[in-house]
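Participant: heads up, no residue letters with this:
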């Protein structure tokens, strides 16, 4: 079983492996979320795409706007793969391209993103730290529901890492969604609290953390729900991962 990452490097490695596993399983719309506040995305992107750069001109990166794409091209120098901003004239999808990675696309670009994905067809697309579904932009009416049914609901979350208060919500494809909780044990600073098939949110997440049964350990015994937790472990992890990205 894959456990919570301890370093940013391990986080990115897990995300890459989960992405490849999802592609190998036939998924063509894949989402990766590393939700560390103040995380600088460009160094993460550079590490994340490393195993995919062997595709050369078959790889295409899309940034939210031409400015972000120009900054990446400046920092990375000449690359064998395309780096463009969403909406650029040169952002047209080419027949020889086989993998597309969208970096931090937002709901502002969701219409353009959907059009590009339509042009991509059945070729795999990876969304890295997207924010495509914002009620204020997408809306809650008929048009918003249509967009969700037609496009957003087809995206598979293959990697998700979000520290919470003394806990973490985690998914690494093909594993199910997992809720991890801080523990008081030095040799096991966090323990697996629950596994579920769908992403837990709101009351369901609270129930898993504070009102549900714990996942049995390898020895068959469930840790007590009232076990004292090590204060601040997840906050320390969050600060550590954020510091590594600076």
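Facilitator: Yep, that arrived. Here the structure is a predicted model, which means the values were calculated and not measured.

Participant: all strands for the chain, in order.
Facilitator: Taking DSSP state E as the criterion, the chain carries its strands at 29-34, 59-63, 82-85, 99-103, 125-128, 156-164, 167-172, 177-185, 188-196.

Participant: against which helices or strands is the longest helix seen in the chain packed?
Facilitator: Counting residues, the longest helix found in the chain (DSSP state H) is helix 8-24. Counting contacts by 3 or more Cβ pairs under 8 Å, 6 or more residues apart in numbering; DSSP states H and E, helix 8-24 packs against strand 29-34, helix 41-48, strand 156-164, strand 167-172, helix 233-244. Glycine gets a C-beta too; all of them are placed from N, C-alpha and C.

Participant: between those, which gets the lowest average pLDDT?
Facilitator: The minimum mean pLDDT among the helices and strands packed on helix 8-24 belongs to helix 233-244 (a mean of 52).

Participant: next, count neighbours for the nearest residue to residue 70 once chain neighbours are set aside.
Facilitator: Among residues not flanking residue 70 along the chain, residue 85 sits closest, at 7.6 Å (Cβ to Cβ, 6 or more residues apart in numbering). Using other Cβ atoms under 10 Å, residue 85 has 21 neighbouring residues.

Participant: can you read off the pLDDT for residue 77?
Facilitator: 92.

Participant: and it, backbone torsions?
Facilitator: Phi and psi for residue 77, reported as degrees, to the nearest 10, are phi 80, psi -160.

Participant: against residue 54, how distant is it?
Facilitator: Residue 77 is 17 Å from residue 54, where distance means Cβ to Cβ, to the nearest Å.

Participant: neighbour count winner among the two?
Facilitator: residue 54 (10 against 6).

Participant: any weak-confidence spans in this structure?
Facilitator: 134-144, 184-189, 212-246 (pLDDT under 70).
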